[in-house]
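> Provide a 3D model corresponding to the input given below.
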Amino acid sequence: LTFLQALILELGLLSACATSPEQQSFSQLPSLPRSMKAAKELLKSKVFMNVRDYLDARNKGLDALRNVMHPSRKALIRDLSRGNGQRKVPRGFVKQSGLGVLLVTCYH
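Below you'll find the model as predicted:
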């Protein structure tokens with residue numbers, strides 16, 4: 001749960017429902033999901049990015065992460081299918097690194 005909450009913060013998902021930091025007090029900050037299910041649902045519904053792109057962009061800041069996000073699940077699948085498997089990361093590695101929540105099922 002802590003890892004998923006950190007991922008939510010890293011990807012800036014809570015800032016979308018927040019106003020500017022100067023206008024907020026601590027009590028007005030949106031709360032993180034308190035269960036695994038809620039955290040996974042939030043990530044699955046808002047984050048559509050290639051794991052390879054995420055790993056490449058994560059040290060470059062929030063703007064870089066947002067630039068590699070796709071607008072929809074369908075757009076991500078279309079991007080993954082264009083590279084003949086070259087842009088995919090092995091499923092075992094993704095699951096072992098804890099990023100399984102970013103996996104999408106691609107039907108051909």
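> what's the weakest-modelled helix or strand in this protein?
Taking mean pLDDT, DSSP states H and E as the measure, the chain has helix 73-82 as its least confident helix or strand, at a mean of 87.
> Could you pull out the buried residues of it?
Residues of helix 73-82 classed as buried by neighbour count (16 or more other CB atoms under 10 Å): Leu76, Ile77, Asp79, Leu80. C-betas here are computed from N, CA, C, even on glycine.
> Can you lay out the residues you listed as a markdown table showing distance to Ala64?
Formatted as a markdown table, the buried residues of helix 73-82 follow (distance: CB to CB, whole Å):
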| residue | distance to Ala64 |
| --- | --- |
| Leu76 | 17 |
| Ile77 | 22 |
| Asp79 | 17 |
| Leu80 | 19 |
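> Report the two of the residues you listed separated the most.
Ile77 and Asp79 (7.3 Å; CB to CB).
> ok, and the closest non-adjacent residue to the spatially most central residue of the chain?
Nearest to the geometric centre of the chain sits Val47, at 3.9 Å (CA atoms, centre = their mean). Nearest non-adjacent residue to Val47, counting by CB to CB, 6 or more residues apart in numbering: Leu11, 6.0 Å away.
> How about exporting the least confident helix or strand of the chain as CSV, limited to the C-alpha atoms?
The C-alpha atoms that make up helix 73-82 are tabulated as CSV, following Å, rounded to 0.1, in the frame of the first residue of the first chain:
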residue,chain,number,x,y,z
ARG,A,73,-5.8,2.9,-22.1
LYS,A,74,-6.6,2.5,-25.8
ALA,A,75,-3.9,5.0,-26.7
LEU,A,76,-1.3,3.1,-24.6
ILE,A,77,-2.3,-0.3,-26.2
ARG,A,78,-2.0,1.3,-29.6
ASP,A,79,1.5,2.6,-28.7
LEU,A,80,2.6,-0.8,-27.4
SER,A,81,1.4,-2.6,-30.5
ARG,A,82,3.3,-0.4,-32.9
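> Can you show me the helices along the protein?
2-10, 36-46, 51-57, 62-68, 73-82, 91-96 (DSSP state H).
> which residues are contacting the shortest one?
Taking contacts as CB atoms under 8 Å, 6 or more residues apart in numbering, the residues outside helix 91-96 that touch it are Val51, Gly100, Leu102, Leu103.
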